[in-house]
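Engineer: Need a 3D model of the sequence below.
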Amino acid sequence: MEGVSEAYHVPYGVRICGKLDRFALRGALDRIVARHEALRTTFALVNGEPEQRIAPVTEAGFALLEQEAAGEELEAIIAAEAREPFDLEKGPLIRGRLVRESEEQHVLLLTMHHIVSDGWSMGVLLRELSALYRALREGEADGLPEMGVQYADYAVWQREWMQGEVLQRQGEYWKKTLAGVPELLEVPGDHTRPAEVDYAGSFVPVVLDEELSGKLKGLGRRQGATLFMTLLSGWAALLGRLSGQSDVAIGTPVANRGRGEIENLIGFFVNTLVMRVDLSGMPTVAELVKQVRRQALEGQQNQDIRSSRWWS
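Structural biologist: Got it, this is the predicted structure:
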């Protein structure tokens, strides 16, 4: 279906100002691919079953294209680069395009497939790119720690851990939490819901002033809740008001990196947890924030069973 592939792309753009050392940039990108097995991984079907294949460091490098462009042509390149499909079997599942606007103006476009990456991973990549580029340009050691574990190591560990009592406990939690959950939230829109998902999306920025932000933080502190929990409470109340429904289920992304060993790994860890909010009985703001706080903490304590299905 058109649009499905790019829905799983993780694109990012970096503007580079000043004189660029192309040798150092290419070397830094190659080093990142060498460090992270996930970026050397492809997925093939063997007898109808998916199988991951990790290429050796000697056979894998960063796929970087270079060209010149500016203005509308650059904008078109950015859009096309984000949409260009990946071949999961042949790879690579990370690529880049360096666009030269002028002698001291460049744009580096980086795109990863979601199967080997997530938003947190892009932050890891950019931090390592900065450290490696600086070190190569100045002829110094990069100072990055050796990789103690790789993504596949963690996947195997979690599969072995997610058994017995742990599996039963988390499974029972989600069965109880999601029992009878409404499939749709009927929010009035300005057009009819399409028969098929078209994967066209956007975002609307919202800016809260300093005074309101301070009051929201204070409200959360009084209930032992984070700002995220407080804002989610308000969002649930709004959705309930618009839909006329008292049972509101909201999907929220979590990093799913509960162990220090995987904080600096590139890979697909992100998870989506369901926050089910009960608005019946007209709860007060304090009661609502406390309920959302409990849902968020319990959901994170039982988040592994959902992500483990991707590795089953």
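
Engineer: Could you chop this structure up by domain?
Structural biologist: With automatic domain parsing serving as the domain definition, the record reports that the chain contains domains spanning 6-147, 154-311.

Engineer: Throw those domains into CSV and include mean neighbour count, thanks.
Structural biologist: C-beta coordinates here come from the backbone N, C-alpha and C atoms, glycine included. Compiled in CSV, the domains of the chain are given as follows (neighbours: other Cβ atoms under 10 Å):
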stretch, mean neighbour count
domain 6-147, 16
domain 154-311, 14
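
Engineer: mind giving me CSV with these and columns for mean pLDDT?
Structural biologist: Rendered in CSV, the data for these read as follows (pLDDT from 0 to 100):
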stretch, mean pLDDT
domain 6-147, 94
domain 154-311, 90
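
Engineer: Which element, helix or strand, includes the closest residue to Pro11 other than its chain neighbours?
Structural biologist: Nearest residue to Pro11 in three dimensions, chain neighbours excluded: Ala82, at 4.0 Å (Cβ to Cβ, 6 or more residues apart in numbering). Under the assignment given by DSSP states H and E, the secondary-structure element containing Ala82 is helix 71-83.

Engineer: same deal with Arg137?
Structural biologist: For Arg137, the host element (DSSP H and E) is helix 119-138.

Engineer: what pairs with the helix or strand containing Leu273, and is each one parallel or antiparallel?
Structural biologist: Element membership of Leu273, judged by DSSP H and E, is strand 271-278. Strand 271-278 has these partner strands in its sheet, going by DSSP bridges: strand 247-254 (antiparallel).

Engineer: what angle separates the strand it pairs with from helix 119-138?
Structural biologist: Angular relation of strand 247-254 and helix 119-138 on a 0 to 180 degree scale: 20 degrees, by axes from the mean of the first three to the mean of the last three Cα atoms, to 10 degrees.

Engineer: which residues touch strand 247-254?
Structural biologist: Residues from elsewhere that reach strand 247-254, judged by Cβ atoms under 8 Å, 6 or more residues apart in numbering: 119, 178, 181-182, 185, 232, 235-236, 239-240, 270-280, 299-300, 303.

Engineer: that older thread, now the strand holding Leu273 - C-alpha only, PDB.
Structural biologist: Output of strand 271-278 as PDB, limited to C-alpha atoms (Å, rounded to 0.1, in the frame of the first residue of the first chain):
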ATOM      1  CA  ASN A 271       7.200   0.900  22.700                       C
ATOM      2  CA  THR A 272       3.700   2.200  22.800                       C
ATOM      3  CA  LEU A 273       1.700   1.800  26.100                       C
ATOM      4  CA  VAL A 274      -2.000   2.200  26.500                       C
ATOM      5  CA  MET A 275      -3.100   4.700  29.200                       C
ATOM      6  CA  ARG A 276      -6.800   3.900  29.900                       C
ATOM      7  CA  VAL A 277      -8.500   6.700  31.700                       C
ATOM      8  CA  ASP A 278     -11.900   6.400  33.500                       C
END
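
Engineer: tell me which strands and helices the helix holding Ala82 is in contact with?
Structural biologist: For helix 71-83, the packing partners by 3 or more Cβ pairs under 8 Å, 6 or more residues apart in numbering; DSSP states H and E come out as strand 9-17, strand 94-102, strand 105-113.

Engineer: would a markdown table of the ones you listed with distance to Leu212 be doable?
Structural biologist: As requested, the helices and strands packed on helix 71-83 are exported to a markdown table (distance: least, Cβ to Cβ, whole Å):
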| stretch | distance to Leu212 |
| --- | --- |
| strand 9-17 | 31 |
| strand 94-102 | 39 |
| strand 105-113 | 35 |
